[in-house]
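Visitor: I would like to see how this sequence folds:
(4 chains)
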Number of protein chains: 2
Amino acid sequence: MIFMNEDVKDLNLSVVKAFTLLDVFVGDKKEWGVRELAKKTGYNKSTTYRLLSTLESLGALQKNNEDKYLLGLKLFELGNLVSIHKALRKQSRVPLEHIASEIKETVHFGVLSKGQVLYLNKTESPQGLKVSTQIGSYQKAYCTAIGKVLLAFSSEKEITEYLKMTSLDACTDNTITDAQVLLEELKKIRKQQYALDMEELELGLICIAIPVFDKNDEIVASISVSGPSSRFKLENIDNYLTIIKKGAREIEESINYYN
Amino acid sequence: MIFMNEDVKDLNLSVVKAFTLLDVFVGDKKEWGVRELAKKTGYNKSTTYRLLSTLESLGALQKNNEDKYLLGLKLFELGNLVSIHKALRKQSRVPLEHIASEIKETVHFGVLSKGQVLYLNKTESPQGLKVSTQIGSYQKAYCTAIGKVLLAFSSEKEITEYLKMTSLDACTDNTITDAQVLLEELKKIRKQQYALDMEELELGLICIAIPVFDKNDEIVASISVSGPSSRFKLENIDNYLTIIKKGAREIEESINYYN
DNA sequence: TAAATCGTTTCATATAATGAAACGCTGTTT
DNA sequence: AAACAGCGTTTCATTATATGAAACGATTTA
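Guide: This next block holds a predicted model:
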């Protein structure tokens, strides 16, 4: 469901409905019919039909050869124009590929946005078994390496606020679900300057992440490397860290140069 | 203005207005106030205000620190989920970088969409003076190398249809504005298997492009290399072509493998 | 052949979008 | 200091438009 950041204002309900329909496509199912969407959203069949027709004629949706709707090129166009974090996205691309070409695992690059990790960029592992995240999607911060790094180097006030608004639900048996334990973990991360996710989000998935700072030593983003526990061995950490840190420095140099 | 692909149907006007507002941000100006947008679109100030508020609360727009609106992260999220041409976008990334790293000029990758070139991917030149196009944006086909290649290898029927719906306006003195001349040019491109744009879109800008085929030898996309006329010399063409063709073959192999 | 889908259209009704005007705020000009 | 001009925002009566149950025609399934 779409996140409303203000109290119930004088919103245009048609527009809200249109975007609620589009938001359905964020899920795994990428192709929808009229009645399916009406059922999913609870909107009347006629209303749904007309909203979909409208979105289609605007290019925000498109019909495939089976007459099912899918997200359209207008959204691709608009999405590529979003200027928020644009510099970070651009300047992270090459360094991420350097890291990925050396480590051969999936590399992610993200920031904290509304108390969640927002993935701005990635380079996928060339191997068959790999993590696959959507750029532009969100993930829980407290049980990912990238999220824990971003939290660890946030201000005390932001961390407190985060803990207040977040419920630490267990994703696996390893998930940190106690606020005190999480605070200790963040302290440890600040000290060692990297974070690990030992199957805390998903069984079999291990990640390591480090911070990216600006010229004022404030954290601006984080880089993580993720791989299956079968080949992601702890004895490689020092080696991984050396490579990731090189990439982080490349990014830091370019953002300090351009700002 | 947004392209309406059907006769005036039973469209939801609020949604049309919302997207017309978003479409204003496709222009060069990326930050807008309420009254500015109202003036630009012709909508009433109150209506504009409420639509903008709605779009903001949905995350489709966002306010900067000066309370001006800019495109929001919801569009980034949705844009990254658009599945049309997704495989092409993904599989072109690495080959484009190979080309760019050898030629050191901006490399573009695009398809024909609604009679225009749709840019699906790019790698920018590392040099200061460079072409800068938006991924997801559209460009005229008849006066770009990439567009002429895509046209040249389209079916006769598609070319005829293109010429019927397109007016060949001059962008520079070199632009081909006569349909017969353009048809001759396409014939030449088919024969030599590459296209040149000799400052036909913009003075000082030269491009070279080649086709990318699928396993049935149908054109699926085109790769172009663009640079300023000051350093883009015709005697380098053979060298460029060798490099670009290598990249095209990489893409062709991966799309034939995955389909 | 009948039943069950689907997307689409109809039409009376009620709801929600609309716009002129007023409001409060900020910064500039007189 | 006062008047002005710019901005985003709110108000409220009016009107236009979104709405949904039902019917429709076309496919697909039983």
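
Visitor: When you work out contacts or count neighbours from here on, use the C-alpha atoms and nothing else.
Guide: Will do.

Visitor: and the residue in the stretch 101-250 of chain A that DNA strand D sits nearest to, what is it in contact with?
Guide: At 20.2 Å from DNA strand D, residue A:114 is the closest residue in the stretch 101-250 of chain A, using CA to the nearest atom of the strand. Residues near residue A:114 by CA atoms under 8 Å, 6 or more residues apart in numbering or on different chains: none.

Visitor: ok, so what distance separates the residue in chain A positioned nearest to DNA strand D from DNA strand C?
Guide: Going by CA to the nearest atom of the strand, DNA strand D is nearest to residue A:44 of chain A, at 4.1 Å. Counting by CA to the nearest atom of the strand, to the nearest Å, the gap from residue A:44 to DNA strand C is 9 Å.

Visitor: does that residue really touch residue A:38, like I thought?
Guide: Yes - look at residue A:44 against residue A:38 with CA atoms under 8 Å: they come within range, at 6.0 Å.

Visitor: Please identify which of those two sits among more neighbours.
Guide: Higher neighbour count among residue A:44 and residue A:38: residue A:38, with 18 against 12, using other CA atoms under 10 Å in any protein chain shown.

Visitor: That one in helix, strand or coil?
Guide: Following DSSP: H, G, I helix; E, B strand; the rest coil, the label given to residue A:38 is helix.

Visitor: mind listing what it touches?
Guide: Contacts of residue A:38 (CA under 8 Å, 6+ apart): A:44, A:45, A:48.

Visitor: what's around the second one, how many residues?
Guide: Translated: residue A:45. 15.

Visitor: List the contacts of it.
Guide: A:34, A:35, A:38.

Visitor: Extract the C-alpha trace of the biggest helix by length in chain A and format it as PDB.
Guide: The helix that spans the most residues within chain A, counting by DSSP state H, is helix A:237-258. Extracted in PDB, the C-alpha atoms of helix A:237-258 (Å, rounded to 0.1, in the frame of the first residue of the first chain):
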ATOM      1  CA  ILE A 237      36.300 -10.900   4.700                       C
ATOM      2  CA  ASP A 238      39.600  -9.000   4.800                       C
ATOM      3  CA  ASN A 239      40.100  -9.600   1.100                       C
ATOM      4  CA  TYR A 240      36.500  -8.400   0.400                       C
ATOM      5  CA  LEU A 241      36.900  -5.400   2.600                       C
ATOM      6  CA  THR A 242      40.100  -4.300   0.700                       C
ATOM      7  CA  ILE A 243      38.200  -4.500  -2.600                       C
ATOM      8  CA  ILE A 244      35.000  -2.800  -1.400                       C
ATOM      9  CA  LYS A 245      36.900   0.000   0.300                       C
ATOM     10  CA  LYS A 246      38.700   0.800  -2.900                       C
ATOM     11  CA  GLY A 247      35.400   1.100  -4.600                       C
ATOM     12  CA  ALA A 248      34.000   3.300  -1.800                       C
ATOM     13  CA  ARG A 249      37.000   5.600  -2.100                       C
ATOM     14  CA  GLU A 250      36.400   6.000  -5.900                       C
ATOM     15  CA  ILE A 251      32.800   7.000  -5.200                       C
ATOM     16  CA  GLU A 252      33.900   9.300  -2.300                       C
ATOM     17  CA  GLU A 253      36.400  11.100  -4.600                       C
ATOM     18  CA  SER A 254      33.900  11.700  -7.300                       C
ATOM     19  CA  ILE A 255      31.100  13.000  -5.100                       C
ATOM     20  CA  ASN A 256      33.500  15.300  -3.300                       C
ATOM     21  CA  TYR A 257      34.800  16.500  -6.600                       C
ATOM     22  CA  TYR A 258      31.300  17.300  -8.000                       C
END
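
Visitor: Can you sort out which of the contacts of residue A:45 also neighbour DNA strand C?
Guide: Subset of those in contact with DNA strand C: A:34, A:35, counting by CA under 7 Å from any atom of the strand.

Visitor: Show me the strands in the stretch 101-250 of chain A, by range?
Guide: A:106-113, A:116-123, A:138-139, A:195-198, A:205-213, A:219-228 (DSSP state E, counting those that start in this stretch).

Visitor: Just put the ones you listed in a markdown table and tack on mean neighbour count, mean pLDDT and distance to residue B:110.
Guide: Below are the strands of the stretch 101-250 of chain A laid out as a markdown table (neighbours: other CA atoms under 10 Å in any protein chain shown; pLDDT from 0 to 100; distance: least, CA to CA, whole Å):
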| stretch | mean neighbour count | mean pLDDT | distance to residue B:110 |
| --- | --- | --- | --- |
| strand A:106-113 | 25 | 97 | 26 |
| strand A:116-123 | 24 | 97 | 21 |
| strand A:138-139 | 19 | 97 | 29 |
| strand A:195-198 | 23 | 97 | 39 |
| strand A:205-213 | 25 | 97 | 33 |
| strand A:219-228 | 25 | 96 | 30 |
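
Visitor: Just put those strands in CSV and tack on distance to DNA strand C.
Guide: Below are the strands of the stretch 101-250 of chain A laid out as CSV (distance: least, CA to the nearest atom of the strand, whole Å):
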stretch, distance to DNA strand C
strand A:106-113, 28
strand A:116-123, 30
strand A:138-139, 29
strand A:195-198, 42
strand A:205-213, 32
strand A:219-228, 29
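
Visitor: circling back to that earlier point, show the pLDDT at the residue of chain A closest to DNA strand D.
Guide: Residue A:44 is assigned 93 on the pLDDT scale.

Visitor: do the same with the one 4 residues further on
Guide: The confidence metric pLDDT takes the value 95 at residue A:48.

Visitor: tally of neighbours for it?
Guide: When neighbours are counted by other CA under 10 Å, residue A:48 registers 23.
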